[in-house]
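Participant: here is a sequence together with a model predicted from it:
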Amino acid sequence: MVRVLVLVLALVPLLVLRAEAASYYVDGRKGCDENEGTSVEAAWGTLDRANAALTPGDVCIVREGVYEDSQIAPDRSGSPGAPITYVAYEGERPEVTGGRSGSIVLLADRSYVTIRGFVFHSAAEHDWIVNISGEKAHHNRIEGCDITDPEGYAPVVIADGAAYNTVTGCTVHDTGGGDEQAGDCIVLNVGAHHNTIIDNRCYNGCHSQIMALNGSHHNVIEGNDLYSTNPGWAGAGVNLPLGADDNIVVGNRIHDLGHITDEKCAIQIDSAGNVVRKNVIHDVGAFGIALHSYPFRGTPQSASNNLVANNTIVNTGRQGLVIISKGESISRGNRVVNNIVVGSPRGWADSPAWIMAFDTYHLKESVQPGEWFGNVFERNLFLHARAGESDMVLYNHKGPAATWSIPELESAYPETFRGNIEGDPQFADPANGDFGLKASSPARDAGTDVGFPFQGRAPDIGAVEEETENP
């Protein structure tokens, strides 16, 4: 009896909360903050009125129109099972502009808030448009929004220990003003962890489309479409510098990027313990995937112990894979497995179209070809796209550069190069962006098990795991 009474008492606050939760309306054209806000006809006129009033479980339904100099910034957090929700009225697309204190959406130390279906835009320079920051900022969701800040630095920022937040189904675009050093569409910064960036479209970020840095860890970047429509705004795809360790980058399509300079990468990893897998990279102006170690403004950073597995890299302006070590920072202990890398038919700067470059030229201590620092390249499929070339791998150091074919590497360095294949992957329809594998492809069932599900006798090489009739 005592236990039953305790359970009933524990449920009372939840029942009261659910009973009090309500739907409110905001209409910037016809509403008035003196109204009750509980119907379309009695809508509030401003988002400020909603920010002050909403409590856990409440839903704020916002009518179409332009909300100038406005901000979504609830005075309090929602709670588990009872988030505070701001949502566009069905079939409408309200636009919120201006903002305050550098943000249009401010969720600093707010949790359990969902925002869905808005356009957030600023013609003026902002620090960021969506600001989810602080250790108390968790379990927030930004869904199905269009977010752009042409003169800004980062339209969406999750930072300062914010965790378990989700950005999904959004279009985030046009940021940086054409400056290659500014403009990242989505940023995870200063210890942001366990956040999910999934199924978004990010384009025309001048520096990169998605970046995690400064100790941001255990985040998932999955299923995003990252590209540019303007070569002058075509930064990198995914960038993981400055202690962005133990993140997962999986199933993204990264294309038509990197043209703003000849140095931008589809994926750049300057950190440790990340898993980069099943990404499709094609038509990128510079590098495909770079494992990059170098001191940044006096801070050492090293690409170490990362898993790069089952990616497809096609038609990059420079090498599909590059492993770079500079100063006292060394790219070491990385495992590059089950990837398809197809070279560019044009090469770069009239050089041969090498598939991979291992660059130690700027290391403080000189090294010789064959010092691979514990990196392993296993069961990858390589193809030159330029007829008549055989050497696929370049080792650039302070002495004369060395080049090898894949069979030569397999023979000379069997602990480093294992079971790699030269050949045509036989894509289904690459001209139309279909990088699946034909039944006759040498990449079918030719990979090695790295701990993820697969069909058939063994994993396929590349990003697309084909179904098989005889598993």
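Facilitator: Ah, there it is.
Participant: and the average pLDDT for stretch 281-294 is what?
Facilitator: Stretch 281-294 shows a mean pLDDT of 94.
Participant: return it as CSV; C-alpha atoms alone will do.
Facilitator: Below are the C-alpha coordinates for stretch 281-294, written out as CSV (Å, rounded to 0.1, in the frame of the first residue of the first chain):
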residue,chain,number,x,y,z
ILE,A,281,32.7,11.9,-52.2
HIS,A,282,32.8,13.0,-55.8
ASP,A,283,33.7,16.0,-58.0
VAL,A,284,35.7,17.8,-55.3
GLY,A,285,38.2,20.4,-56.3
ALA,A,286,41.1,19.4,-54.0
PHE,A,287,41.5,16.3,-51.7
GLY,A,288,39.0,13.6,-50.8
ILE,A,289,39.9,12.5,-47.3
ALA,A,290,42.9,14.0,-45.5
LEU,A,291,44.5,12.7,-42.3
HIS,A,292,46.2,15.9,-41.3
SER,A,293,48.6,16.6,-38.4
TYR,A,294,50.1,20.0,-37.8
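Participant: burial of the closest residue to Tyr153 other than its chain neighbours, as a residue count?
Facilitator: When the adjacent residues along the chain are set aside, Tyr153 lies closest to Ala182, with 5.4 Å between them (Cβ to Cβ, 6 or more residues apart in numbering). Yep, even glycine has a C-beta here, placed from its N, CA and C like the rest. Number of residues near Ala182 (other Cβ atoms under 10 Å) recorded here: 18.
Participant: for the stretch 351-471 of the chain, give me the ranges with low pLDDT.
Facilitator: Across the stretch 351-471 of the chain, the stretches falling below the confidence threshold (pLDDT under 70) are 351-353, 386-389, 469-471.
Participant: could you pull out the strands for it?
Facilitator: In order along the chain, the stretch 351-471 of the chain carries the following strands (DSSP state E, counting those that start in this stretch): 356-363, 376-378, 381-383, 393-396, 402-404, 417-418, 421-422, 427-429, 434-437.
Participant: any chance of the ones you listed in TSV, plus distance to Ala21 and mean neighbour count?
Facilitator: Shown next, in TSV, are those (distance: least, Cβ to Cβ, whole Å; neighbours: other Cβ atoms under 10 Å):
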stretch	distance to Ala21	mean neighbour count
strand 356-363	57	21
strand 376-378	55	20
strand 381-383	55	22
strand 393-396	61	22
strand 402-404	66	18
strand 417-418	59	20
strand 421-422	59	17
strand 427-429	50	15
strand 434-437	47	19
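Participant: reformat those strands as a markdown table; add distance to Ser293.
Facilitator: Formatted as a markdown table, the strands of the stretch 351-471 of the chain follow (distance: least, Cβ to Cβ, whole Å):
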| stretch | distance to Ser293 |
| --- | --- |
| strand 356-363 | 9 |
| strand 376-378 | 16 |
| strand 381-383 | 23 |
| strand 393-396 | 14 |
| strand 402-404 | 20 |
| strand 417-418 | 20 |
| strand 421-422 | 28 |
| strand 427-429 | 32 |
| strand 434-437 | 29 |
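Participant: hang on, the earlier thing: ok, the residue nearest to Tyr153 touching Glu151?
Facilitator: No - with contact defined as Cβ atoms under 8 Å, Ala182 does not count as touching Glu151 (9.3 Å).
Participant: before we move on, the earlier item: which of the strands of the stretch 351-471 of the chain sits closest to His282?
Facilitator: Among the strands of the stretch 351-471 of the chain, the nearest to His282 by Cβ to Cβ is strand 434-437 (7.3 Å).
Participant: sheet-wise, list the partners of the closest one with their directions.
Facilitator: Strands flanking strand 434-437 in the sheet, each with its direction: strand 427-429 (antiparallel) (DSSP bridges).
Participant: what's next to the strand it pairs with, contact-wise?
Facilitator: Contacts made with strand 427-429 from outside it, assessed by Cβ atoms under 8 Å, 6 or more residues apart in numbering, are listed as 314, 434-438, 441.
Participant: ok, stretch 416-424 next?
Facilitator: With Cβ under 8 Å, 6+ apart as the test, stretch 416-424 has contacts from 372, 375-383, 392, 405-407, 409-410, 442-443, 446, 448, 461.
Participant: name the nearest residue to Arg76, ignoring sequence neighbours.
Facilitator: Beyond its immediate neighbours in the sequence, the residue positioned closest to Arg76 (Cβ to Cβ, 6+ apart) is Thr55, lying 6.7 Å away.
Participant: what's the neighbour count on that neighbour?
Facilitator: By the other Cβ under 10 Å criterion, the neighbourhood of Thr55 contains 17 residues.
Participant: return the per-residue confidence for Asn234.
Facilitator: Small correction: residue 234 is Ala, not Asn. pLDDT, Ala234: 88.
Participant: returning to that earlier point: nearest to Glu34, out of the strands of the stretch 351-471 of the chain?
Facilitator: Between Glu34 and the strands of the stretch 351-471 of the chain, the shortest separation by Cβ to Cβ is 57.9 Å, and it involves strand 434-437.
Participant: how far does that closest one sit from its chain's centre?
Facilitator: The offset between the C-alpha centroid of strand 434-437 and the centroid of the whole chain comes to 22 Å, using Cα atoms, centre = their mean, to the nearest Å.
Participant: same check, this time on stretch 245-255
Facilitator: The chain centre lies 6 Å from the centre of stretch 245-255; the measure is Cα atoms, centre = their mean.
Participant: before we move on, what about stretch 365-384?
Facilitator: With Cα atoms, centre = their mean as the basis, stretch 365-384 stands 26 Å off its chain's centre.
Participant: what do you get for stretch 383-399?
Facilitator: For stretch 383-399, the distance between its averaged C-alpha position and the chain's averaged C-alpha position is 30 Å (Cα atoms, centre = their mean).
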